[in-house]
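Chemist: Pasting the sequence and the predicted model now:
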Amino acid sequence: MTPSARLAAAIEVLDRILAGAHAERALTNWGRASRFAGSGDRAAVRDIVFDALRRRRSAAALGGGLTGRGLVLGLCRDAGQEALFTGVGHAPLPPGPDEQGRTPVAAEALDVPDWLLPKLRESLGADTEAVLLAMRNRAPVFVRVNLRKATLASAVAALAGEGITATPHALAPACLELGGQVRKLQTSAAYLEGWVELQDASSQAVVEALPLADGMRVLDHCAGGGGKSLAMAAQADLQLFAHDIAPQRMADLPRRADRAGVDVTLTAAPEDNGPYDLVLVDAPCSGLGSWRRDPEGKWALTPERLAELVDLQARILQRAAGMVRPGGCLAYATCSMLRDENSDQVTSFLAKSAGWTLERSLALTPLTGGDGFYLATLRRV
Ligand SMILES: C[S@@+](CC[C@H](N)C(=O)[O-])C[C@H]1O[C@@H](n2cnc3c(N)ncnc32)[C@H](O)[C@@H]1O
């Protein structure tokens, strides 16, 4: 496909997304119906679609409307590539007089909903603009080297053999930032042998900051796919339990643990195996810190949904606190950068619960490379 034909395909996919389809589903359906598209075309169309979703407000303003065509035209205008709209072959038609667009302003230029900008300013202060501008771009791809099976150097060499470049990243000691043939990662020997796991750099930094030691009894209370369970298991010899309210989310965890060479016990009744030395609550949240990778979340969040999440996080924290032994640790993490879900949540927990102290907190933003993340470790005294 020509670069212009890829734009036309992205327009088609975006129109379906704007009509209510899920981005991944719309891309899969387009791929199935477009046998002529090679893997490079599919990847390129996907990139355009996700760029447009990340920059939905600014691209719509620049491109003259919130349609697939408006979004792609806005992106191209921003990049000085409007000339690709030639109308020749499969290319989109040249812009008409009613498609001149305008310069985006305020929250629109930062690609966030209006209601969210004051909350972000409250939470991020002077970094607000820089963080939001960073979130308009693609996230880097990171892996965690499983130091039980490989060294940083052996993982870098194995990935290089597949055409994937890997550079150590400052956020965590086993973190590599990937470049080159990144799409080959999941079929690479290093991945299949459990030498590396896909994991965001800030996620890795959060697990690194946990006070883990050999022999500890640990619960990953909101385990999901188990990314943090595996990272914790790589750090120390633990008796490790994983729980999630939606157990199907943990379906792959036994296989992933096996590949990584670690033990994790899944549990539907976490209280039965307690009390624990450490309980990690990687809470359901707005996901704001990972909106570079999940830009649809940015436009789906509402004040009502945020309030529901804050309420749910408070309830999960209370339950998890009951499973920590005296002297043990409750670790609360979110991939959010909003005070409501982070420091305010912890302050409100401490105000309601006697016998806890805040030991440490950590707040990361995309300005250090990884996702936005928050961690607080609380000690039961
Ligand atoms: C942020 S995700 C976890 C991501 C995971 N820890 C990882 O590193 O890949 C939050 C998880 O919390 C789970 N969850 C939601 N409500 C819960 C509850 N009341 N108790 C336990 N888990 C819950 C969700 O199903 C979801 O998998």
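Modeler: Yep, it's here. Numbering: from 1, shown residues only.

Chemist: outside of the longest helix anywhere in the chain, which residues touch it?
Modeler: In the chain, taking DSSP state H as the definition, the longest helix is helix 303-321. Around helix 303-321, the neighbours that count as contacts under Cβ atoms under 8 Å, 6 or more residues apart in numbering are 115, 219, 221-222, 279, 281, 283-286, 330, 332, 334, 338, 340-341, 345, 348-349, 352-353, 356, 378, 380. In this view, the C-beta of every residue, glycine as well, is placed from N, C-alpha and C.

Chemist: From those residues, list just the buried residues.
Modeler: 219, 221-222, 279, 281, 283-286, 330, 332, 334, 338, 340-341, 345, 349, 356, 378, 380 (16 or more other Cβ atoms under 10 Å).

Chemist: Sheet-wise, list the partners of the helix or strand just after the longest helix of the chain with their directions.
Modeler: Toward the C-terminus, helix 303-321 is succeeded by strand 324-334 as the next helix or strand (DSSP states H and E). Strand 324-334 sits in its sheet next to strand 276-282 (parallel), strand 373-380 (antiparallel), going by DSSP bridges.

Chemist: Run the chain-centre distance for the host helix or strand of residue 46.
Modeler: Residue 46 belongs to helix 39-54 when elements are defined using DSSP H and E. Its chain's C-alpha centre and that of helix 39-54 lie 17 Å apart, by Cα atoms, centre = their mean, to the nearest Å.

Chemist: sorry, back to before: in the longest helix of the chain, which residues are buried?
Modeler: Quick answer for helix 303-321 (16+ other Cβ under 10 Å): 306, 309-310, 313, 316-317, 320-321.

Chemist: Just the angle for it relative to strand 324-334, thanks.
Modeler: Per axes from the mean of the first three to the mean of the last three Cα atoms, to 10 degrees, the angle that helix 303-321 makes with strand 324-334 is 160 degrees.

Chemist: What residues does residue 223 make contact with?
Modeler: Residues in contact with residue 223 (Cβ under 8 Å, 6+ apart) are 229, 242-244, 249-250, 253, 266, 282.

Chemist: Recalculate using a threshold of 10 Å.
Modeler: By Cβ atoms under 10 Å, 6 or more residues apart in numbering, the contact set of residue 223 is 229-230, 240-247, 249-250, 253, 264, 266-267, 270, 280, 282.

Chemist: Same list, those, but only the ones touching the ligand.
Modeler: 244-246, 249, 282 (Cβ under 6 Å from any ligand atom).

Chemist: Next SSE downstream of the helix or strand containing residue 61?
Modeler: Secondary structure from DSSP H and E places residue 61 in helix 56-63. For helix 56-63, the following helix or strand on the C-terminal side (DSSP H and E) is helix 68-78.

Chemist: what packs against that next one?
Modeler: With contacts defined as 3 or more Cβ pairs under 10 Å, 6 or more residues apart in numbering; DSSP states H and E, helix 68-78 has these neighbours: helix 3-18, helix 39-54, helix 56-63.

Chemist: For whichever residue of the stretch 251-381 of the chain sits closest to the ligand, grab the count of nearby residues.
Modeler: Nearest residue of the stretch 251-381 of the chain to the ligand: residue 282, at 3.6 Å (Cβ to the nearest ligand atom). Neighbour count for residue 282, taken as other Cβ atoms under 10 Å: 24.

Chemist: quick one: contacts for it?
Modeler: Contacts here follow Cβ under 10 Å, 6+ apart; on that basis residue 282 touches 203, 206-207, 220-224, 227-229, 244, 331-335, 373, 375.
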